[in-house]
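> The sequence isn't on hand, but the structure is:
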């Protein structure tokens, strides 16, 4: 049989059995959409992990409270906190740190001309902008005097400024925090990046000394130190020096952990990649289930078309022709399912984007899903096609 004739028979059979074709392809279509979505979610997770650390380089070091190390029943409010004085000791004894700063964050209601907005309030010590690569759109950073005397000044993120001030001038304006009035001295450049748990675009920064003076520090908030080594080769030594100083000056140093940004970035990315692989595994299972559906339908098709197979063989069709006929039908089912699945994935990803789940659609995911659709259909259609090719013409013609 000519290849054109085989294609013609396959096309006629698929047109005549449209409803069966639809039922056969459902499993593969769902599998295609699933694998595109899970790859988009996986890539979105990886990008989100990278975004959260994008303001920090691999030579950045953190000192955080380790909640798992807290004694049973111990309240966070009673844990010994990091202090600016302790950070001064760390800098004095370190030979590997460019700088280190303290920060504490919590949510606070901010008001401007009667307009109120709940936002992240972050108290910081000198060096926060340089270490965390924070840039200014307008105004300037806090002065040394602001930090020393706890002046009521603030630096505001771009998104928070838009919500609070609208078209009004930002730098030089006054806002109210609790019972105190703070003057805005700087507006941050929009970055769309996170700062390990702090969204700089939606936060208000004030001197840590002002936060203490006006009692704006949430009792349940923990202090965190962020440092920067001279280069990535000094990171491990810097971590050891920090731990040594903490152990010497703190009674509860064991509840704090020292880690570097490079390790955290790798861990976060690896976690997102693992999640993506897990989700892809689920999608593959969906494909396998759809493949078994195709196999069952193909067996039924072979059974129904036994006489047709006998006639074709009686007219001179070879076993390879019959094998190719049914295998090509399975292949076409996979191609059709892949096209439909990819088409439906666009609105599915758009709907997913409305949720808080980070998604990043890519053509890689669509190509991989299409390949799986075609491969699954062809693979699971091979055995029924092979069985059809082995039918003897006399037996096939005698089949009722």
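Happy to help now that I have it. Here the structure is a predicted model, which means the values were calculated and not measured. Residues are numbered from 1 along each chain as shown.

> just how off-centre is the lengthiest strand in the chain within its chain?
Using DSSP state E to define each element, the chain has its longest strand at strand 97-112. Distance of strand 97-112 from the chain centroid (C-alpha atoms, centre = their mean, to the nearest Å) equals 26 Å.

> ditto for stretch 334-351
22 Å.

> before we move on, what about stretch 328-339?
In terms of C-alpha atoms, centre = their mean, the centre of stretch 328-339 is set 32 Å apart from its chain centre.

> for stretch 208-228, same thing?
Counting by C-alpha atoms, centre = their mean, stretch 208-228 is centred 29 Å from the centre of its parent chain.

> mind listing the strands for the stretch 151-300 of the chain?
Taking DSSP state E, counting those that start in this stretch as the criterion, the stretch 151-300 of the chain carries its strands at 153-156, 174-177, 180-188, 203-207, 223-229, 256-260.

> And the fifth one, what does it pack against?
What that stands for is strand 223-229. strand 60-65, helix 84-93, strand 97-112, helix 128-131, helix 235-249 (3 or more C-beta pairs under 8 Å, 6 or more residues apart in numbering; DSSP states H and E). From N, CA and C alone the C-beta is placed, and that goes for glycine too.

> Please list the outside residues in contact with it.
Strand 223-229 is touched from outside by 56-57, 59-65, 81-83, 87, 90, 96-104, 128, 130-132, 196, 235, 237-238, 242, with contacts defined as C-beta atoms under 8 Å, 6 or more residues apart in numbering.

> change it to 7 Å
Contact partners of strand 223-229, identified using C-beta atoms under 7 Å, 6 or more residues apart in numbering, comprise 59-64, 81-82, 87, 96-104, 131-132, 235, 238, 242.

> Check the second one too.
Residues outside strand 174-177 that contact it (C-beta under 7 Å, 6+ apart) are 108, 110, 111, 112, 154, 181, 182, 183, 184, 214, 216.

> Now do the buried residues in that strand.
175, 177 (16 or more other C-beta atoms under 10 Å).

> Residue 67 and residue 246, how far apart?
For residue 67, the distance to residue 246 (C-beta to C-beta, to the nearest Å) stands at 17 Å.

> Residues contacting stretch 333-349, please?
Stretch 333-349 is contacted from outside by 21, 24-25, 28-29, 32-33, 36-37, 40, 294, 359, 361, 366, 369-370, 373-374, 376-378, using C-beta under 7 Å, 6+ apart.

> Mark which of those are part of helices, please.
21, 24-25, 28-29, 32-33, 36-37, 40, 294, 366, 369-370, 373-374, 376-378 (DSSP state H).

> Using ChimeraX, define a selection of the buried residues within the residues you listed.
To isolate the buried subset of those in ChimeraX, counting by 16+ other C-beta under 10 Å, use the following:
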select :21,24,25,28,29,32,33,36,37,40,294,366,369,370,373,374,376,377,378
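
> At the geometric centre of the chain, which residue sits there?
With distances taken as C-alpha atoms, centre = their mean, residue 45 lies nearest the centre of the chain, 1.0 Å away.

> element containing that residue?
Element membership for residue 45, per DSSP states H and E: helix 18-52.

> so for that helix, what's the average pLDDT?
In this model, helix 18-52 carries a mean pLDDT of 75.

> on that earlier part again, among the helices and strands packed on strand 223-229, which is nearest residue 285?
strand 60-65 (38.0 Å; C-beta to C-beta).

> Which positions in the closest one come out as buried?
60, 61, 62, 63, 64, 65.

> For that strand, enumerate the helices and strands it packs against.
In terms of contacts (3 or more C-beta pairs under 7 Å, 6 or more residues apart in numbering; DSSP states H and E), strand 60-65 is packed against strand 223-229, helix 235-249, strand 256-260.

> So which of the helices and strands packed on strand 223-229 has the densest surroundings on average?
Most buried of those by mean neighbour count (mean count of other C-beta atoms under 10 Å) is strand 60-65; its value is a mean of 22.

> Now tabulate the helices and strands packed on strand 223-229 in a markdown table and tack on distance to residue 222 and mean pLDDT.
Formatted as a markdown table, the helices and strands packed on strand 223-229 follow (distance: least, C-beta to C-beta, whole Å; pLDDT from 0 to 100):
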| stretch | distance to residue 222 | mean pLDDT |
| --- | --- | --- |
| strand 60-65 | 4 | 87 |
| helix 84-93 | 14 | 93 |
| strand 97-112 | 7 | 91 |
| helix 128-131 | 17 | 88 |
| helix 235-249 | 14 | 91 |
